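# Generate a structure from the sequence data that follows.
(2 chains)
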Amino acid sequence: MRHWIGCFVKGIRIFGEARGGWMVVAMASPRLLLLVVAVALFLSSPCHAIYEDQVGVRDWHQQYIGRVKHAVFQTQGAGRKRVVVATEENALASLNLRTGEIYWRHVFGATDSIDALEVSMGKYVITLSKGHIVRAWHLPDGALLWETRIHANLGFNLGLVKMPVDIDDDKINDLLVFSGSFLTAISGADGTLLWQVDAAASKNIFIEKVVLPTEESKAYGVGFYGINGLALVEIDLKTGDLSELKTAETAGILSTDHLHVTKDFAVALHSDAENLVVALINPSSESLTLVETPVRSLLTNPGTTLKLLSTKLEGAISLSSDDQTVILAVDSSSGKLSLVERLTGAVTVSDSLSVLDEKHATAMIEFSVEGNAQNVFNLRVHGTDFSDEIQKETVKLPSHRGLVQKVFLNAYVRTDRSHGFRALVVGEDDSLSLLQQGEVVWTREDGLASIVEATTAELPLERDGVSVAEVEHDLAEWLKGHIMKLKATLFLATPDELAAVQKARLNLADKTKPTRDHNGFRKLLLVLTKSGKISALHTGDGHVVWSLLVPSLRASYGGPAFVPRKLLQWQVPHQHALDENPVVLIIAQADPGYDVKSALSWVDAHKGTELQSVKLSFPVMRVVSIPLTDSSEQRLHLLIDNLRRGHLFPATEESLALFLKYKENAYFYEVDDADQKMHGYGMKDLVDPNLVDIKEGYVFETEKLWSIVFPSETEAITAVVTRRPDEVSHTQTKVLPNRDVLFKYLNKNLVFVATVTPKNKDVVGTANPEDSTLVAYLIDTVSGRILHRISHPNMQGPVHAVVSENWVVYHYFNLRQRRYEMSVLEIYDQSRLPDKGVVQLMLGQHNSSVPISSYSPINLEVKGQSYYFTFTLKSMAVTSTAKGITAKQLLLGTVTDQVLALDKRLFDPRRTPTPTPAELEEGLLPLTDSIPINPQSYLTHSYQVEGLRGMLTIPARLESTSLVFAYGLDLFYTHTAPSKIYDSLTEDFSYALLLITIIALLVAIVVTYVLSERRELAEKWK
Amino acid sequence: MERGSGRGARKWAVELHDANNTSSSRDAPPDPIGFSRSTVDPEETTSGKQKKENEANWKKQKAWEVAQAPAKNLMMMGFMMWMAGSTVHLFSIGITFSALWQPVSALQSIGKVFEPFQDAKTSTLLPKLLFVALNFAAMGLGLWKLNTLGLLPTHASDWLSNLAPAQSVEFSGGGLPLLL
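Purely as a prediction, here's the structure:
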């Protein structure tokens, strides 16, 4: 019996791994079956690459831009109305103002942050990056027009000003960039440097801001003068000459956080937050006039955290303190301050927007009353002196958007010539919404651009009573669809029919059903974003099923803000799948300086509600998910704090009893990449539960068992990779073509550590090949035993690696050859080789299924091989399937933000230049010095997953298929079948053709039967 | 009352009334009067004996022939197997399994095959033994082929290839700190 199963699996492997053409030899076997098989083979396409019309059937791609920090509206003129935005994720995008769709988008490098954004002449977008790179983009199509690098001081106040003058007479207004002490004028046409002055060197001021007065060719630079003074300098825009330096000093030290500058005055705050200083910019006066106003004379209770806000208001300044926002009007002639508004709670004020006739408008968004499912905001637009209210609207936003963080105001002219306003708001979840006339016109879920961690959850089972949209068509419609498909296959369909077929394929109704399916393709992707929001995406089409801005992780007045760090599977119901929902655990870390160090939050993965949350008084340094579940299938977790004590969750008697039994076998290890050390710890005694707060879990003492000290002058840890804890392997043996058996070393506690020479460890191109060495270690994390160590001279990082089953594949740079390389290590356990005969094995007498201990003696054989590889990588992952029978694919996130799927067969240390026929039959490839890359191996086909950061693979219930979710700025999801789809018919299988074939055969049988009967009768009568 | 009861004493006999009204004879018309099925021509008995001997010989010969038939098949099978090659694919598996099945089915129908040649005088034991031996040889050939295809579980690997991974006794987790 076993051997037949063996045969079957072997058959699967042969079918799966034989990648060449299938040789089907016709022979005497039931004809119909053969025909069906032949038809099936004919119709099933190789799934490795997809056809053009299959795009979007299984995969989806979503584009995001991240949290918006600058926005410029472009609504004048006849062109399409758009808004140009720059984001925290260093993306620059032009959005359709009516729908929020992306017209074009550019994502800059990780360090290339956008400091300023302007639209010039209505058709050029100018960006300033890192204070010294100025780029111009063509607004309609996003093409880069020019790029200029200027000399600048980094880390200073940066700005970009459109100049009203044209210095080089090319009919295009030129630009002025100020960054720290440097003032630079750039040609608006081609980015040529026109002039540059160093204000610090010539006049000893650091210009914070440049303002343009109404008169031509002159500007004023305002900045700090020493620690307690302000300075004003006149700039000749034509030549860059600085003249008429005016300075004034105050008694106290000024806070250099922010200097608020308008064209009439500048306002600074003393560093003790007691006085506000107003400097009047009056070109005609001889000196700079300073007016000091004590804050207490304006505000009765100024609070403890008073600071100037960077909101650009005309004739006013805004300050925030504790939970209030204050707006003070500034009299531009006398410098007198007067209180305009004092608002408590969450308030967001927009920059002033100049509308017609020297008038200005400012939007204020206040959080009003908390509704049940929606947050209500009041949007008020004020006129020039803040006394009048031009427009007041009430806007409702879903509660998972949180509070409004930023607002950008834009005006439009209504048909009755009055001004209407629209506001672009950034929510607490980093989403972007356009509000107009009290309505949310569109919303972009841009928080999904900054995913911290992703995991998956099963959808609910289909139950009676659960209303599920009617999706099954009646038979006639089904048949009609298939007949159309058949016509399409046979090239008989009209273009209309082809379009209908394609539409039906893309919108398979059962693809997006909110219940579990038989093949396990429909799942929830749970993503935790930087803003502390957890969203569930449906794998069918990527729509958001639910979102939750986790309440306990939101910053509250007087409490810390939390940074989400980890998303863990807490409860995965199998036995109770009908009445229990899966639960995930979020671990977040608090901002420093508070008693609360971290927070835990449990979220129901079906309903999207927070079930429970705990604030912890210790920082969670590491999490150990113990392979034990309690009676309600909650997984036991051990949270390790900074004193290396273990806190057991769930904090129940039952889990404690379970863990006390298991305690002897629980360990944890830490990798200290600052000191280049590794330590292993074992569990010790339970701390008396009466002495600790039981809400923070049962506490266990630990003891250090082992340490590994890497030589810090030659080795710096650069990569630490383990196996996925939930990885399933089918067998512990590997059978060679000569029928020898190798035992895979399947140790769950294996860690791969790579170290490189510390000097210039991650920078390609600066290190000397002779001094650089990469060392790869395989370490058992229970015993601290170094199982294998291999040194690669002349190699350097960055190292990307993936560990699965008994192998490791890692990627690094070869300095000598100046190429990337990938290496594979396969680990086999020689000590488990059976010493018994076949007969004894037949009777089941072997010791190979005895649990293995990390402390038992081992005799490992590690085989390795290296290959050249073309690409720089960003991340690496490996496919995972339900039973672990299917071959694996490596998923490589390339520097071009694509996902490349390569068979593990390419990384097999048994490859030789001249394989034997038996090895060839097994599917072993001849050895080549580099890994060949087939363009069809890109899972992302024509898409790019901008800013690719991570990949998640999820096993489907079909053994052949693994689901892949890649995330970065964009999200991409697809299916991959490393050994082709051997356990189901492909999506384009023609049932109609099969049906017609069967019917035709039946008809033929009947007809021939009748004919032969007749003939026989006729023979008899002869 | 039996028809042939007094066969040794009388030369001929006519039974005027047919007392044999068993179901078998009811359908068939009665034999003509004076006709006896069991009557043997006295002239023919000597040559009949010889003929019987001939027939026995012939049967024996035929039985031996039938017994040897699998040998020819064996050659044929061997040729087919050689043609099929030693790699596992549809054709070689089919050939091998038919090579295994044919002897089994032949052995199952051994009684039927030798029935026509079996009577009191001819013993078919020896031909049967030969037949069995040859079929076993054919089956052996099939098994040998099965073995060369690697489908016989004669190696340790065949019994271990699906061995589930062993459990680990210890468990460890952790790694780099969560704090960044």
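# pLDDT wise, what is residue 36 at?
I'll assume chain A. We have a pLDDT of 40 for A:Val36.
# Can you look at chain B instead?
69.
# need the contact list for A:Gly159.
A:115-116, A:128, A:177-179, A:209-210 (Cβ atoms under 8 Å, 6 or more residues apart in numbering or on different chains). In short, each C-beta sits where N, CA and C put it, glycine included.
# send the alpha carbons of stretch A:258-278 over as PDB?
C-alpha atoms of stretch A:258-278 as PDB (Å, rounded to 0.1, in the frame of the first residue of the first chain):
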ATOM      1  CA  HIS A 258      10.300  77.700  13.600                       C
ATOM      2  CA  LEU A 259      10.300  81.300  12.300                       C
ATOM      3  CA  HIS A 260       7.000  82.400  10.900                       C
ATOM      4  CA  VAL A 261       7.500  84.800   8.000                       C
ATOM      5  CA  THR A 262       5.000  86.700   5.900                       C
ATOM      6  CA  LYS A 263       5.700  89.600   3.600                       C
ATOM      7  CA  ASP A 264       5.000  92.100   6.300                       C
ATOM      8  CA  PHE A 265       6.400  90.500   9.500                       C
ATOM      9  CA  ALA A 266       8.200  87.700  11.100                       C
ATOM     10  CA  VAL A 267       7.300  86.000  14.300                       C
ATOM     11  CA  ALA A 268       9.500  84.000  16.600                       C
ATOM     12  CA  LEU A 269       9.000  82.400  20.000                       C
ATOM     13  CA  HIS A 270      11.400  82.600  22.900                       C
ATOM     14  CA  SER A 271      12.900  79.200  23.800                       C
ATOM     15  CA  ASP A 272      11.300  79.500  27.200                       C
ATOM     16  CA  ALA A 273       7.900  80.000  25.500                       C
ATOM     17  CA  GLU A 274       7.200  83.100  27.500                       C
ATOM     18  CA  ASN A 275       7.400  85.800  24.900                       C
ATOM     19  CA  LEU A 276       6.500  86.100  21.200                       C
ATOM     20  CA  VAL A 277       8.700  88.400  19.100                       C
ATOM     21  CA  VAL A 278       7.300  90.100  16.100                       C
END
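# Now the residue of the stretch 601-750 of chain A found nearest chain B: closest residue in space that isn't a chain neighbour?
Residue of the stretch 601-750 of chain A nearest chain B, by Cβ to the nearest Cβ: A:Val624 (3.4 Å). With sequence-adjacent residues excluded and distances taken as Cβ to Cβ, 6 or more residues apart in numbering or on different chains, A:Val624 is closest to B:Gly173, at 3.4 Å.
# Quick check: which element contains that neighbour?
strand B:171-175 (DSSP states H and E).
# Give me the buried stretch members for that strand, please.
Buried residues in strand B:171-175, counting neighbours by 16 or more other Cβ atoms under 10 Å in any protein chain shown, are found at B:171-175.
# Which secondary structure elements does the helix or strand containing A:Ala1004 sit against?
A:Ala1004 belongs to helix A:991-1021 when assigned by DSSP H and E. In terms of contacts (3 or more Cβ pairs under 8 Å, 6 or more residues apart in numbering or on different chains; DSSP states H and E), helix A:991-1021 is packed against helix A:31-43, helix A:475-489.
# which strands and helices sit next to the strand holding B:Gly173?
strand A:622-629, strand A:666-672.
# Does anything pack onto the helix or strand following the last one? Which helices or strands?
Next along the chain after strand A:666-672, taking DSSP H and E as the criterion, comes strand A:677-686. Helices and strands touching strand A:677-686, as assessed by 3+ Cβ pairs under 8 Å, 6+ apart, comprise strand A:666-672, strand A:698-709.
# quick one: the longest one to strand A:666-672, angle?
This means strand A:698-709. Put simply, strand A:698-709 runs at 50 degrees to strand A:666-672, going by axes from the mean of the first three to the mean of the last three Cα atoms, to 10 degrees.
# Settle this for me: B:Leu149 is touching B:Val88, isn't it.
Yes. B:Leu149 is in contact with B:Val88 according to Cβ atoms under 8 Å; the separation is 5.4 Å.
# Closest residue of chain B to chain A?
B:Gly173 (3.4 Å).
# For chain B, what is the nearest residue in the stretch 51-200 of chain A?
A:Ala110 (14.7 Å).
# Contacts only, for that residue.
A:Asn90.
# In three-state terms, label it for me.
Secondary structure, DSSP: H, G, I helix; E, B strand; the rest coil: A:Ala110 is coil.
# still on that earlier bit, quick check: which of the helices and strands packed on strand B:171-175 is buried the most?
Mean neighbour count (mean count of other Cβ atoms under 10 Å in any protein chain shown) peaks for strand A:666-672 among those, with a mean of 23.
# pLDDT averaged over that one - what is it?
91.
# just stretch A:51-60 next, same as before
pLDDT averaged over stretch A:51-60 gives 81.
# There's contact between A:Lys980 and A:Thr961 in this structure, I believe.
No. If you go by Cβ under 8 Å, A:Lys980 and A:Thr961 don't touch, sitting 10.1 Å apart.
# Show me the helices in chain A, by range?
A:2-17, A:31-43, A:199-203, A:295-298, A:475-489, A:495-506, A:653-662, A:838-842, A:917-922, A:991-1021 (DSSP state H).
# What of chain B?
Under DSSP H, chain B gives helices at B:23-27, B:44-84, B:90-108, B:110-114, B:125-148, B:156-160.
# about what we covered before: which of the helices and strands packed on helix A:991-1021 has the lowest average pLDDT?
helix A:31-43 (a mean of 40).
# lowest average confidence, helix or strand, in chain B?
The weakest-scoring helix or strand in chain B, judged by mean pLDDT, DSSP states H and E, is helix B:23-27 (a mean of 52).
# picking that back up, could I get the helices of chain B as JSON lines with mean neighbour count and distance to chain A?
Output for the helices of chain B, formatted as JSON lines (neighbours: other Cβ atoms under 10 Å in any protein chain shown; distance: least, Cβ to the nearest Cβ, whole Å):
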{"stretch": "helix B:23-27", "mean neighbour count": "8", "distance to chain A": "24"}
{"stretch": "helix B:44-84", "mean neighbour count": "14", "distance to chain A": "10"}
{"stretch": "helix B:90-108", "mean neighbour count": "17", "distance to chain A": "4"}
{"stretch": "helix B:110-114", "mean neighbour count": "14", "distance to chain A": "23"}
{"stretch": "helix B:125-148", "mean neighbour count": "17", "distance to chain A": "11"}
{"stretch": "helix B:156-160", "mean neighbour count": "23", "distance to chain A": "4"}
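# Compare these and report which one is nearest to A:Leu1001.
helix B:90-108 (21.5 Å; Cβ to Cβ).
# Mind giving me the packing neighbours of the closest one?
helix B:44-84, helix B:125-148.
# Quickly, which of those bottoms out on average pLDDT?
helix B:44-84 (a mean of 80).
# Specify the angle between it and helix B:90-108 in degrees.
Here helix B:44-84 points in a direction 160 degrees away from that of helix B:90-108 (the same axes, to 10 degrees).
# Now do helix B:44-84 and helix B:125-148, the angle between them.
10 degrees.
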